[in-house]
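**Student:** Turn this into a structure:
(chains A and B)
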Amino acid sequence: MSNNRVSRRQFLNYTLMGVGGFMAAGMMMPMVRFAVDPVLQKAEGGDFIPTSKKVAELTEVPERVDFSFEQVDAWYTSEVTSTAWVYKSGDKIIALSPVCKHLGCTVNWAGSPDHPDQFFCPCHAGRYEKNGQNIKGTPPLGPLDEFEVREKDGLLEIGKIRPNTLV
Amino acid sequence: MYWNSKDITTFIEQKEFVDTAIIPLLLVDGRASHIKQSAGTADFLMSLTAFMENQFKGRVVLMPPVTYTPQSSRSVLATEWKNVLTEAGFKHHFFISCDMQWATEAPEIDVIYTPSIPLENMDQKLRQSILDDQIRQVVPVFANNWAKTVE
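**Tutor:** Next up, the predicted model:
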């Protein structure tokens, strides 16, 4: 037996303080977490998808660049490969979507021997200028969409799709 | 386009532009000696036709695959499908298969043959380049066929 006896009152005090402390902490923690949440947020890299294309290798001639990302459809995750036509205009990098604005086929640069400096859609002979402008008299009704682009460590990264800003 | 209600609605509205059906012909063979190859062929043929759909979305409808067994009569299938597709309003019917027997048993339809390439052990990049190559072979066939009716 120790001389230092704990009285009933002391024992209840300690117990209550301990339990109360835990309860208070349990309530405060989520609040603190909410308050400082913006600080804890991971630095967002944007929705840019890296490609294996070196920016230095790009030329004035549009070039096909493939990039793949994971797409989640409900419970089903699949890897989707997408393409862009990328070229340099002065110092600016331009990435155009290959999806024809008519009915959604895939267009090719210089796809028609008669029009070597235009995008060509093989389905209904739709044509576009290099900057994506649709050519009057062919089926497409609007210019090709554009991708946001940026450079990271010398490699090209492709971002969100947006309406053409060049025409 | 695919054979689903959304795409078919577009098809009905845009009949002057969408005039082609792609029909994968797929042999399902359960015999122990053939089962693996049959499954591998299905894998390849479905990937290839889906990629074709992606390239020519605005002009073609990719039909659900015609699956048949070694006992099926190819010539009966060919006639039936030809009629159905004509009825639906498709001017061009592109049958695609890895099964060469269609040439002898059902000469009434033109089938585009492709070799069956086993894709299962390839990474995404190699797969893509193989499919690219195959598409490149098929495009002139499509283009010739499409050009025929214009003239």
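
**Student:** Could you use CA atoms for every contact and neighbour count after this?
**Tutor:** OK.

**Student:** State the phi and psi torsions of the residue sitting nearest the centre point of chain B.
**Tutor:** In chain B, the residue lying closest to the centroid (Cα atoms, centre = their mean) is B:Pro24, at 3.1 Å. Backbone torsions for B:Pro24, taken as degrees, to the nearest 10, come to phi -80, psi 130.

**Student:** same question, B:Thr10
**Tutor:** Per degrees, to the nearest 10, the backbone of B:Thr10 is at phi -60, psi -40.

**Student:** same question, the one 3 residues further on
**Tutor:** In terms of degrees, to the nearest 10, the main-chain angles of B:Glu13 are phi -70, psi -30.

**Student:** so what pLDDT did it get?
**Tutor:** B:Glu13 is assigned 87 on the pLDDT scale.

**Student:** Tell me how far it lies from chain A.
**Tutor:** 12 Å (Cα to the nearest Cα, to the nearest Å).

**Student:** how about the nearest residue to B:Trp146, chain neighbours excluded?
**Tutor:** The shortest distance from B:Trp146 to any non-neighbouring residue, by Cα to Cα, 6 or more residues apart in numbering or on different chains, is to B:His92 (7.6 Å).

**Student:** Get me the contact residues on chain B for chain A.
**Tutor:** Contact residues (Cα under 8 Å from any Cα of the partner chain) of chain B with chain A: B:Phe17, B:Asn54, B:Gln55, B:Phe56, B:Lys57, B:Gly58, B:Arg59.

**Student:** coming back round to it: quick one: residues contacting the residue nearest to the centre of chain B.
**Tutor:** Shown in contact with B:Pro24 (Cα atoms under 8 Å, 6 or more residues apart in numbering or on different chains): B:Leu45, B:Met46, B:Thr49, B:Met63, B:Pro64, B:Pro65, B:Val66, B:Phe95, B:Ile96, B:Ser97.

**Student:** picking that back up, filter the residues of chain B next to chain A down to just the buried residues.
**Tutor:** Buried residues within the residues of chain B next to chain A, defined by neighbour count using 16 or more other Cα atoms under 10 Å in any protein chain shown: B:Phe17, B:Asn54, B:Gln55, B:Phe56, B:Lys57, B:Gly58, B:Arg59.

**Student:** These: which two are farthest apart?
**Tutor:** Using Cα to Cα, the two most remote members of these are B:Phe17 and B:Asn54, lying 16.0 Å apart.

**Student:** Got the domain ranges for chain A?
**Tutor:** Domains of chain A are assigned by automatic domain parsing as A:8-40, A:49-162.
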